[in-house]
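S.K.: Mind folding the following:
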Amino acid sequence: MSQPVHVDSVSHWNTTLRTAKEKNQPIIVDFFATWCGPCKAIGPIFEQLAAQYPKAVFLKVDVDKLPAIAQKYQITAMPTFVVIRESGVVDMLRGADPRGLSAMVAKHASASSAPAGPPLPAEAEKAKMEGNTAFAAGEYEKAIDSYSRAIGLAPKSAVLYGNRAFAYIKLIKSGIPSKEERQKLRQKAISDAVQATAIDDKWAKGWVRMAEALVLATDEEGTQDVGEERRPEGLRKALEGAVQALENAIGLSEGKVKAEAQKMLEEVQAQLMAP
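M.R.: So this is what the prediction gives:
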C-alpha cells in the first residue's frame, strides 16, 4: 500500500520532485502543521488517497520545519494541498475539504501519463539520466547514444524509445546532420515512436511522439524523395495518422500533456483541411 512521503529536508524535496517529474508523475503535496486541528482531521483522507492512486507521488511538508519550501509556494493557510507537474503548480486547494481534495486528486492522478512497467535496471537508469542531461543541454547526438545504451539494457522500456524518438526529432530540427542523414533520422524517429506505443499503448507521451514524428515526415524536406504523383496521398495518410495518435494521447492524458496534444491536433487538422 502506498503511503505519503514525509519530506525531511530541502534536498529531500528537490530530489523527490526531480525524480517524479522525470517519470511524469503527478505530485500531490499536503502542507500542514502539527498544531493544526483541521490538518490532523484530513490526514487520514490524504493517506487513503495515496493508497488509491499509487502512480502519483504524495508528499507531506511540515511548514514549521521547512519554511523555505512553504514560502516558495506561498503557503499562508494550513492545510493547503498543491498539485505539481512538469510545468509547475497546476492546482491548489486551501482548507480541510475532503470532497474537494478527493476531486482534485482524481482529476490529476487518475490517468497518469507516465508509462507503465517495472523500474529500469540501475545501469539503464544511469544511461537514461545521462541522456536526459545531454538532451537538456541541446547535445542531441550524445543523448541518442545514451538512450541507445539504455535501450540495449532495457529493450522493453517505452519511455526510452520515446525519449530517443524525441532526440531524433530535435536533432533533425537543429539542421546539424546532412540532408541525407536527416531523412534517415525521420524514419528512425517514426520507428522508435511505433516501438514505444507498441510496448505501452496507454502512455500518452508515446502517442505524442508518434504524431510529432509523422508531422515532421510531411514537411518540405521530408517529402522531397516522394514522387509528385504520390506525394498528396502520402501527406494525407501521414497527417491522418498524426490525428489518430493525438486523439489517443488526449484520451489518455490530462494537464500539460493533454493541452499540448490538443493544440497540436488543431494544427494538424488545419493542415488536413488546407487546399
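
S.K.: quick one: buried residues of stretch 23-32?
M.R.: Asn24, Gln25, Pro26, Ile27, Ile28, Val29, Asp30, Phe31, Phe32 (16 or more other Cβ atoms under 10 Å). In short, each C-beta sits where N, CA and C put it, glycine included.

S.K.: do the same with stretch 142-156
M.R.: Those would be Lys142, Ala143, Ile144, Asp145, Ser146, Tyr147, Arg149, Ala150, Ile151, Leu153, Ala154, for stretch 142-156 by 16+ other Cβ under 10 Å.

S.K.: residues contacting the second one?
M.R.: If you count contacts by Cβ atoms under 8 Å, 6 or more residues apart in numbering, Ala143 has them with Gly131, Asn132, Ala134, Phe135, Asn163, Arg164, Ala167.

S.K.: again, only this time at 7 Å
M.R.: When contacts are counted by Cβ atoms under 7 Å, 6 or more residues apart in numbering, Ala143 touches Gly131, Ala134, Phe135, Ala167.

S.K.: Where does it sit, in terms of helix or strand?
M.R.: helix 140-153 (DSSP states H and E).

S.K.: Could I get the full set of helices for the stretch 51-200 of the chain?
M.R.: Assigned by DSSP state H, counting those that start in this stretch, the helices in the stretch 51-200 of the chain fall at 67-72, 98-109, 122-136, 140-153, 158-174, 179-199.

S.K.: just flag whichever of these has the lowest average confidence.
M.R.: In terms of average pLDDT, helix 98-109 trails the rest of the helices of the stretch 51-200 of the chain, at a mean of 85.

S.K.: how about that helix as CSV, C-alpha atoms only?
M.R.: Output of helix 98-109 as CSV, limited to C-alpha atoms (Å, rounded to 0.1, in the frame of the first residue of the first chain):
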residue,chain,number,x,y,z
PRO,A,98,-12.4,16.1,1.9
ARG,A,99,-14.6,16.2,-1.2
GLY,A,100,-12.6,19.0,-2.8
LEU,A,101,-9.3,17.1,-2.1
SER,A,102,-10.7,13.8,-3.4
ALA,A,103,-11.9,15.6,-6.6
MET,A,104,-8.6,17.4,-7.1
VAL,A,105,-6.6,14.2,-6.7
ALA,A,106,-8.9,12.2,-9.0
LYS,A,107,-8.6,14.9,-11.6
HIS,A,108,-4.8,14.9,-11.7
ALA,A,109,-3.8,11.4,-10.6
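
S.K.: Mind listing what's buried along it?
M.R.: Residues of helix 98-109 classed as buried: Leu101, Met104, Val105, His108, Ala109 (neighbour count, 16+ other Cβ under 10 Å).
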